[in-house]
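Asks: would you be able to build a 3D model of this:
(2 chains)
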Protein chains: 2
Amino acid sequence: MANPVGFGIMGCAEIARKVCRAIGLAPNATVVAVGSRSVDKARRFIANNGLPEGTRAHGSYEDLLDDPKVDAVYVPLPTSLHVRWAVAAAGKGKHVLLEKPTALCVAELDQILEACESNGVQFMDGTMWMHHPRTTKMRELLSDPNRFGKVKLMNSTFSLYADPNFLQNDIRVKPDLDSLGSLGDAGWYCIRATLWANDYELPKTAIAFPHSVKNEAGVVISSGASLHWEDGRIATFHCSFLAHLTMELSVIGSKGALHLSDFIVPFEENAAGFTFASDSWFTDLVTGWQPLPSKHVVSTDLPQEALMVTEFSKLVGAIKDSGSKPERKWPIISRKTQAVLDAVKTSIDNGSQPAEIVLS
Amino acid sequence: MANPVGFGIMGCAEIARKVCRAIGLAPNATVVAVGSRSVDKARRFIANNGLPEGTRAHGSYEDLLDDPKVDAVYVPLPTSLHVRWAVAAAGKGKHVLLEKPTALCVAELDQILEACESNGVQFMDGTMWMHHPRTTKMRELLSDPNRFGKVKLMNSTFSLYADPNFLQNDIRVKPDLDSLGSLGDAGWYCIRATLWANDYELPKTAIAFPHSVKNEAGVVISSGASLHWEDGRIATFHCSFLAHLTMELSVIGSKGALHLSDFIVPFEENAAGFTFASDSWFTDLVTGWQPLPSKHVVSTDLPQEALMVTEFSKLVGAIKDSGSKPERKWPIISRKTQAVLDAVKTSIDNGSQPAEIVLS
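Replies: You can find the predicted model right below:
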């Protein structure tokens, strides 16, 4: 590509290694700079991740944002820093690829989105699985009124078993850094999957399961909720740092049902599967099913995170090179995800009272 | 086998066809009589299910219970009739294989269990999947402290999409016949699976999801609940007549996770699968999982319902031939299942207030 989008990576978080590789794999993007609070750390990141020698190391986020080679920033900072640095990036005309959870609440996210909109820059959150071709294929099936019908109920789970070091020291359990804990880190994906399966129609209420587990600092490390629409649809989800790595998603409609066990990070990079049942019923005497759910496998040349970077960079390129407007789809679904997350948090904090989901 | 257990089938319900075949397949059981409110109906059932000519047709349940050839009865009657006929059967010294839900509430079930105990007859409920060798294999894995650890959270779903005729006319939506609706019919299995995975340790509270769907007669046709133990464990389940056929079960422990999609009726009769993950984590850069969950397939010569009949008949035979005492395991787990079901029903009826699970 003639003009790949130049990325600046803001902070040397662990996840930045994955996205740095993804930027390298994307045909329309390249890492031009890395910024850290320490220039040495930025240099080490450049060396350790095989970036070319010309990649610039900056010793502050401000310097990264002042770098004219940087078209877009990837921001994997702790959630509490998102509003400050995403707004600053937009103010400098940099497009923003922001890790999830996008902010501590919708009001904060709105500051970011307003900054992006007023500066004409693209916003996208880092929910990688949205960009896997498997997701497109599943969406097609869910949209088929004959094969799937309408969503009736669903469940999703994202859990991981955190070791004592994680539970003591990880950013995601620190009240000043990521106060949303497992809800922000793991629940985000479940909420996004729920909205995705429901064509982004917001549920009306969220009710946290009682007895959420919090750490000593009050950060949620295991919780879940039920989400309710007025037509009786229900979605439940679990998000926990206390149970074995699990990424289940079941979407059950009137005429069909979808299931997969690796919806966030596919088991393997190059091919990802799911099962889909449609119009299954019992055999005579209820001794089996017919038809059996079918297994689907969707291959991809690029991993989902590289497809995310490619999609983001395509939009950035169109703005840079052709004067296009930013694509509004991405900030809209980020905002809806954050709004549901806010309601679940409210319900957790209110002893599992129902919290209404409102979005102006 | 020299002395197969002689079964009387009490009522010609649809499910009786499946269990009639199962009794024929079990090496230690045989159908000797069929009772119905109409002797013609009993005769037709005998003819249509390929039973031998000598099989006796009775025109009343009383006559069936007075038949000296009948050692045990299989009772697939509507739930509201269970207490009357199961107690009567026990009173006549007949062993009782009772369809689920066992009763409308624990107090009713206790009448049945007391009648069985005082008459020295075996009791078992008709939860067939308990008897599949897959269940034994899964239980072994869940009991492994190194591979699975302790249960942390779980979810199960049993849904089926009822057609208008079912929703209008099926026994399972009639307040006078099966007033527990989808909770009794489908939720029973989810509750049993939850207890099974937790070594039958009762949860402390049940909280129905709000907005259970009821039909005009007030029978629940779609609902679910979260179940809570004092140590923070949580199990959720959905049971619905309004969503596509689904039988998902996920049990997630500290060190491992189990998943299957056909826990109640396996997709196929002769082999049934599940996946089990243990100590899985992400590959470097979080681009995949390692190790991948392993797939297990467990074969069986006899279908699970025939294994249920075989197990029940083994216990009955030991009582008949060797003077053994009835096996108490089966009534105990029926009673626990019914107790949790009662609590969920209470919570549904109380606007999703938590209901304590108590069992004297």
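
Asks: for A:V31, helix, strand, or coil?
Replies: strand (DSSP: H, G, I helix; E, B strand; the rest coil).

Asks: burial check on the nearest residue to A:E230 once chain neighbours are set aside, number of neighbours?
Replies: Counting by Cβ to Cβ, 6 or more residues apart in numbering or on different chains, A:E230 lies nearest to A:K204, which is 5.4 Å off, once chain neighbours are set aside. Where you see a C-beta, it was placed from the backbone N, CA and C, and this is true even at glycine. Neighbour count of A:K204, defined by other Cβ atoms under 10 Å in any protein chain shown: 17.

Asks: A:K204 against A:R233, yeah?
Replies: No - between A:K204 and A:R233 there is no contact, the gap being 9.7 Å when judged by Cβ atoms under 8 Å.

Asks: which residues does the residue nearest to A:E230 contact?
Replies: A:228-230, A:356-357 (Cβ atoms under 8 Å, 6 or more residues apart in numbering or on different chains).

Asks: go again with 6 Å.
Replies: The contact partners of A:K204, by Cβ atoms under 6 Å, 6 or more residues apart in numbering or on different chains, come to A:228-230.

Asks: what's the closest of the residues you listed to chain B?
Replies: Here the nearest of the contacts of A:K204 to chain B, counting by Cβ to the nearest Cβ, is A:H228; it sits at 5.6 Å.

Asks: what's the distance between the closest one and B:F148?
Replies: To B:F148, A:H228 is 33 Å away according to Cβ to Cβ, to the nearest Å.

Asks: between the two, which is the more surrounded one?
Replies: More neighbours surround B:F148 than the other of A:H228 and B:F148, with 25 against 20 (other Cβ under 10 Å).

Asks: flag every residue of the stretch 1-150 of chain A that's near chain B.
Replies: A:17-18 (Cβ under 6 Å from any Cβ of the partner chain).

Asks: contacts only, for the residue of the stretch 1-150 of chain A found nearest chain B.
Replies: Residue nearest to chain B within the stretch 1-150 of chain A: A:K18 (4.6 Å; Cβ to the nearest Cβ). Residues near A:K18 by Cβ under 6 Å, 6+ apart: A:305, B:285-286.

Asks: repeat that for A:G288.
Replies: B:268-269.

Asks: mind running it again at 8 Å?
Replies: A:282, B:265-269.

Asks: so which residues of the stretch 151-300 of chain A form helices?
Replies: With DSSP state H, counting those that start in this stretch as the criterion, the stretch 151-300 of chain A has helices at A:164-169, A:181-182, A:188-197.

Asks: just to revisit the earlier point, mind checking which of the contacts of A:G288 are buried?
Replies: B:265-269 (16 or more other Cβ atoms under 10 Å in any protein chain shown).

Asks: ok, which of these also contact chain A?
Replies: Among the buried ones among the contacts of A:G288, the residues within reach of chain A (Cβ under 8 Å from any Cβ of the partner chain) are B:265-269.

Asks: just the ones of those in strands?
Replies: Secondary structure from DSSP state E places none of these in strands.

Asks: touching, A:K320 and A:D71? I think so.
Replies: Yes - between A:K320 and A:D71 there is a contact under Cβ under 8 Å: 6.5 Å.

Asks: show me which of the two is the more surrounded one.
Replies: Neighbours per residue, other Cβ under 10 Å: of A:K320 and A:D71, the larger number sits with A:D71, 25 against 17.

Asks: which residues touch the more buried one?
Replies: A:5-7, A:94-95, A:316, A:320.

Asks: hang on, the earlier thing: reformat the buried ones among the contacts of A:G288 as a markdown table; add pLDDT.
Replies: Shown next, in a markdown table, are the buried ones among the contacts of A:G288 (pLDDT from 0 to 100):
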| residue | pLDDT |
| --- | --- |
| B:V265 | 98 |
| B:P266 | 98 |
| B:F267 | 98 |
| B:E268 | 97 |
| B:E269 | 96 |
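
Asks: sorry, back to before: mind checking the SS state of the residue of the stretch 1-150 of chain A closest to chain B?
Replies: Three-state assignment for A:K18 (three-state DSSP): helix.

Asks: ok, and the closest non-adjacent residue to it?
Replies: Nearest residue to A:K18, sequence neighbours excluded (Cβ to Cβ, 6+ apart): B:L285, at 4.6 Å.

Asks: I'd say that neighbour and A:R21 touch.
Replies: Yes - with contacts defined as Cβ under 8 Å, B:L285 counts as touching A:R21 at a distance of 6.2 Å.

Asks: measure the closest residue to chain B within the stretch 201-350 of chain A to A:A162 for me?
Replies: Nearest residue of the stretch 201-350 of chain A to chain B, counting by Cβ to the nearest Cβ: A:A243, 3.7 Å away. Plainly put, A:A243 is 10 Å away from A:A162 if you go by Cβ to Cβ.

Asks: between the two, who's got more neighbours?
Replies: The neighbour comparison of A:A243 against A:A162 (other Cβ under 10 Å) goes to A:A243, with 30 against 19.

Asks: do I have it right that that one meets B:K150?
Replies: No - using Cβ under 8 Å, A:A243 is not in contact with B:K150; the gap is 9.5 Å.

Asks: what do these two both touch?
Replies: B:253-254.

Asks: show me the contacts for A:P203.
Replies: Residues near A:P203 by Cβ under 8 Å, 6+ apart: A:194, A:227-229, A:233, A:235, A:340, A:357.

Asks: just curious, which of those is nearest to A:L167?
Replies: A:L167 lies nearest to A:V340 out of the contacts of A:P203, by Cβ to Cβ, at 25.8 Å.

Asks: what's the burial count for that closest one?
Replies: With other Cβ under 10 Å as criterion, A:V340 counts 27.

Asks: I figured it hits A:L227, correct?
Replies: Yes - between A:V340 and A:L227 there is a contact under Cβ under 8 Å: 6.7 Å.

Asks: now the common contact residues for those two.
Replies: Listed as contacting both A:V340 and A:L227 by Cβ under 8 Å, 6+ apart are A:191, A:194, A:203, A:206, A:357.

Asks: counting neighbours, what do you get for the first one?
Replies: It refers to A:I191. Neighbours around A:I191, by other Cβ under 10 Å: 29.

Asks: just the pLDDT for it.
Replies: A:I191 is assigned a predicted lDDT (pLDDT) of 98.
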